[in-house]
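Undergrad: Below is the sequence, then the predicted model.
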Amino acid sequence: MTRVLLTGAAGFVGRHLTRYLLDHTDWEIIALDRLGEGSRLDGLIHDKRVVFTWHDLRSPLMGNTPFKYIIHLAANSHVDRSIKDPLAFVADNVTGTAHLLEFARRCDGLEKVLHFSTDEVFGAADGKAFGEFDSFAATNPYSASKAAAESLCPAWSNSFGTPIVVTRCTNVLGSGQSGEKFVPNTIGRIRNGETVQIHARAGVVSSRRYIDVEDVCAATLTVLTKGGIISGRGSGYYNIGSDTDYSNLDVAVRIAELMQKPIRWELVTDPPNRPRPDMNYFVTTDRLKALGWSQRISLDTTLKRILQCD
């Protein structure tokens, strides 16, 4: 049986991906997580093909365990918290990735490590669509820590021959997401009759390219089984994202309509917990589409699913 190590398995994307892999493969999953803030097992440990292991990647992983694939999702991921405690993000995202890569190069029979990163490593789009090999311009401690973690991947590939592929994903939506994220936070504020804050600059509303977590899971499996690994410049990187840019104000209004509740909103420039926020991101997905993947789930469908499960 194919054995897979999935780090961050109790996180938002990790839980969905674990279930997706159980539904679409016959793999055995070693689910690794430290069960920190926002972590939930959601009953997955009761599946006979899932073995849960507690570990904090700020410490090395020991042993020489055989795995065919390693999927590295474990990360600290919220910009506001990274501004409050940047060194925690360096420890989790950079040191944690280094420990994971050191473990990977000792694994017998390893075919691929997938490192899950973010479109935020490129910085704000400001009208530019970033391809996989554009330069980094991280603008906050979270995105900087992810960019630094990514930089370890070609180093381990070149120096040790570790078979690594990197994905960069836009904003993911789905049921069970942490309340600190925009959509669940907006749902909570509308339900409680509170004002929804929308980031803006010079009167221009922020926007995002939202994508359903199930489409992200499908993309991850596609890259893992069909994508190439890093083997010099121009190889081993795939962007995961939507072709549609959504105004965050429009998203908030649509949520209110689906909830059949009134909405109060205000545009906010340079909020104290997140100074100078990026207004938008944009990455191209042609390389991923060439592997046979396509976005299938609309934003409206995703919002309805979230509200049904909320």
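TA: Here it is on my side, so go on.

Undergrad: tell me the mean pLDDT over stretch 147-165?
TA: For stretch 147-165, the mean pLDDT works out to 97.

Undergrad: okay, and for the protein, where does confidence drop off?
TA: Low-confidence regions of the chain, defined by pLDDT under 70, span residues 43-45, 310.

Undergrad: in it, which spans are strands?
TA: 3-7, 28-33, 50-54, 69-72, 112-118, 164-169, 172-173, 195-201, 204-205, 207-208, 211-212, 237-240, 246-247, 264-268 (DSSP state E).

Undergrad: Just list what the fourth one packs against, helices and strands only.
TA: Read it as strand 69-72. Where contact means 3 or more CB pairs under 8 Å, 6 or more residues apart in numbering; DSSP states H and E, strand 69-72 is packed against strand 3-7, helix 96-104, strand 112-118, helix 213-226. For every residue, glycine as well, the C-beta is placed using N, CA and C.

Undergrad: What strands line up against that strand, and which way round?
TA: strand 3-7 (parallel), strand 112-118 (parallel) (DSSP bridges).

Undergrad: Need the strands of the chain in TSV (columns: distance to residue 126 and mean neighbour count).
TA: Converted to TSV, the strands of the chain look like this (distance: least, CB to CB, whole Å; neighbours: other CB atoms under 10 Å):
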stretch	distance to residue 126	mean neighbour count
strand 3-7	33	23
strand 28-33	36	22
strand 50-54	42	15
strand 69-72	30	26
strand 112-118	17	24
strand 164-169	17	24
strand 172-173	22	24
strand 195-201	11	18
strand 204-205	11	14
strand 207-208	12	22
strand 211-212	21	24
strand 237-240	17	26
strand 246-247	16	16
strand 264-268	18	14
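
Undergrad: With residue 255 as the reference, name the closest of those.
TA: Closest to residue 255 of these is strand 195-201 (CB to CB; 8.7 Å).

Undergrad: what comes into contact with the closest one?
TA: 186, 189-190, 205-206, 248-249, 252, 263-269, 271, 274, 277, 279 (CB atoms under 8 Å, 6 or more residues apart in numbering).

Undergrad: angle of that strand against strand 264-268?
TA: For strand 195-201 against strand 264-268, the angle by axes from the mean of the first three to the mean of the last three CA atoms, to 10 degrees is 30 degrees.

Undergrad: List the neighbouring strands of strand 195-201 plus their orientation.
TA: With DSSP bridges as the test, strand 195-201 is paired with strand 204-205 (antiparallel), strand 264-268 (parallel).

Undergrad: can the ones you listed go into CSV with extra columns for distance to residue 75?
TA: Below are the strands paired with strand 195-201 laid out as CSV (distance: least, CB to CB, whole Å):
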stretch, distance to residue 75
strand 204-205, 28
strand 264-268, 26
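
Undergrad: List just the one of those that sits closest to residue 77.
TA: strand 264-268 (21.5 Å).

Undergrad: Centre of the chain to the closest one, how far?
TA: 27 Å (CA atoms, centre = their mean, to the nearest Å).

Undergrad: CA atoms of that strand as CSV?
TA: Coordinates of each C-alpha in strand 264-268 appear next as CSV, following Å, rounded to 0.1, in the frame of the first residue of the first chain:
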residue,chain,number,x,y,z
ARG,A,264,-23.2,47.2,7.7
TRP,A,265,-19.8,47.7,6.3
GLU,A,266,-17.0,50.2,6.3
LEU,A,267,-13.8,50.7,4.2
VAL,A,268,-10.7,50.6,6.4
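
Undergrad: List of residues touching it?
TA: 193-200, 203, 205, 249, 252-253.

Undergrad: returning to what we had before: using TSV, please lay out the strands paired with strand 69-72 together with distance to residue 94.
TA: TSV is the format used below for the strands paired with strand 69-72 (distance: least, CB to CB, whole Å):
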stretch	distance to residue 94
strand 3-7	14
strand 112-118	12
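
Undergrad: which one of those strands lies closest to residue 40?
TA: strand 3-7 (14.6 Å).

Undergrad: by how many degrees do that closest one and helix 96-104 diverge?
TA: Using the same axes, to 10 degrees: strand 3-7 against helix 96-104 is 160 degrees.

Undergrad: Kind regards, and thank you for your time.
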